[in-house]
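>>> Here is a sequence with its predicted model. Questions after.
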Amino acid sequence: MTFLGPLSRAAALAGILLSAGFATAPAFAGPNEVALLKSYIGEWRGRGTLVGASTESVVCRLSLSQGNSDKVNYSGRCTLAGTNLSVAGTMAYVDASRRYEAAMTSNATFSGIAVGQKRGSGLIFNLKERTPDEEGKDMNISAQIALNGDAISVAFEVVYVESGDSLRADVPFAR
């Protein structure tokens, strides 16, 4: 079984916050798309569980604010077993792609873009990525975030390709 060290947990936390965060491409969205994104501006708090070789509590904060033009900026931080992870990025509706997109950078050298779709009155963002861990071993990362009404819910999984070991997290956020 692979030891899931602090940097691996940080990558998992990056996925959690990436899922909660969001595109750097030019955005020229209609008023409904912009209003939906802006409805999530504010301060969010989350508490959940990360399950891997052991189970640990995860505590997160997420702040969404008005960005340039029709974009929404975000920054967040999660704490897990003494490890802190911070992320930042921008989310927008990109007319050229006819979709919502979210981009993120983190202090765990993890970055990515999540694609979002409108579902009912909310948004669902999905991310699938393959990236090496701190030892150069490949990890498959998948994440889903649901923005619905006055809640954000994040589900995230990291699977180490060579060993099959995994980390899974579920974190609900509220204002």
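Cool, got the structure.
>>> Have a look at the chain and report the helix or strand with the lowest mean pLDDT.
Least confident helix or strand of the chain, by mean pLDDT, DSSP states H and E, is helix 6-20 with a mean of 52.
>>> any chance you could map the helices in the chain?
Ranges of helices in the chain, per DSSP state H, are 6-20, 31-38.
>>> In this protein, where is pLDDT below threshold?
1-29, 108-110 (pLDDT under 70).
>>> Please, where are all the strands along it?
Assigned by DSSP state E, the chain shows strands spanning 42-51, 55-66, 72-80, 83-94, 99-106, 111-119, 122-132, 138-148, 151-160, 166-174.
>>> quick one: residue 102 from residue 142, how far?
15 Å (Cβ to Cβ, to the nearest Å). (Each C-beta comes from the backbone N, C-alpha and C, glycine too.)
>>> Please apply the same query to residue 121.
Residue 121 is 24 Å from residue 142, by Cβ to Cβ.
>>> Please apply the same query to residue 86.
22 Å.
>>> Equivalent analysis for residue 70, please.
Applying Cβ to Cβ to residue 70 and residue 142 gives a distance of 28 Å.
>>> And the two? Which one has more around it.
residue 70 (20 against 16; other Cβ atoms under 10 Å).
>>> pretty sure the more buried one is touching residue 93, no?
Yes - here residue 70 lies in contact with residue 93, judged by Cβ atoms under 8 Å, at a distance of 7.1 Å.
>>> Could I get the contacting residues of residue 123?
36, 100, 116, 117, 146, 147, 148 (Cβ atoms under 8 Å, 6 or more residues apart in numbering).
>>> Now which of the residues you listed would you call buried?
36, 100, 116, 146, 147 (16 or more other Cβ atoms under 10 Å).
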